[in-house]
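Turn this into a model:
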Amino acid sequence: MIVLFVSSAIWAAAFQTAAANDARTAFRACLKQASAEAKDQKVATDAFSAFARQKCSAQESGFKSAIWAFDSKNKMSKKESESNAEAQVEDFVATASDHYAADAPK
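Down below sits the predicted model:
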């Protein structure tokens, strides 16, 4: 009985981690596509973050939801989970902005 419970918990954790990883991959791919579109449209470097967040709002939402689900299963408070998700989103957007600024047409 205990072995069944433990293996069920491990399977559930792996599934949640996979969902978070899939959402993270989708968000990062969208940011990469947004960068390419921004270059084509000659978006100013200081406007890229807003442009990317607007273009990737659905993927951002999915990523945040996956992070919240993962964190809640790990007994993290909703406030901490929201902060964690927002920090990760900000990090991805900031990294994409830095890459865009380095590669943007001058």
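
Tell me where the model's unsure across this protein.
1-17, 105-106 (pLDDT under 70).

what's the spacing between A96 and A38?
Taking Cβ to Cβ, to the nearest Å as the measure, A96 falls 9 Å from A38. C-beta: built from backbone N, CA, C; applies to glycine.

and what of S57?
15 Å.

These two: who's more crowded?
Taking other Cβ atoms under 10 Å, S57 and A38 do not tie; A38 has more neighbours (22 against 11).

After the helix or strand containing the more buried one, which helix or strand is next? Please name it.
According to DSSP states H and E, A38 maps onto helix 2-41. Sequence order places helix 48-55 as the next helix or strand after helix 2-41, per DSSP H and E.

who does that next one touch, helix- and strand-wise?
In terms of contacts (3 or more Cβ pairs under 8 Å, 6 or more residues apart in numbering; DSSP states H and E), helix 48-55 is packed against helix 2-41, helix 78-103.

Send me that helix as CSV with only the CA atoms.
The C-alpha trace of helix 48-55 is given here as CSV (Å, rounded to 0.1, in the frame of the first residue of the first chain):
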residue,chain,number,x,y,z
PHE,A,48,10.4,45.4,-26.6
SER,A,49,9.3,44.1,-23.2
ALA,A,50,5.8,45.4,-23.6
PHE,A,51,5.7,44.1,-27.2
ALA,A,52,6.8,40.6,-26.1
ARG,A,53,4.4,40.4,-23.2
GLN,A,54,1.6,41.5,-25.4
LYS,A,55,2.5,38.9,-28.1
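
The helix or strand just after it packs against which elements?
Next in sequence after helix 48-55, counting helices and strands by DSSP H and E, comes helix 57-73. Applying 3+ Cβ pairs under 8 Å, 6+ apart, we find helix 57-73 packed against helix 2-41, helix 78-103.

Could you save the ones you listed as a markdown table and add columns showing distance to W68?
Formatted as a markdown table, these follow (distance: least, Cβ to Cβ, whole Å):
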| stretch | distance to W68 |
| --- | --- |
| helix 2-41 | 10 |
| helix 78-103 | 5 |
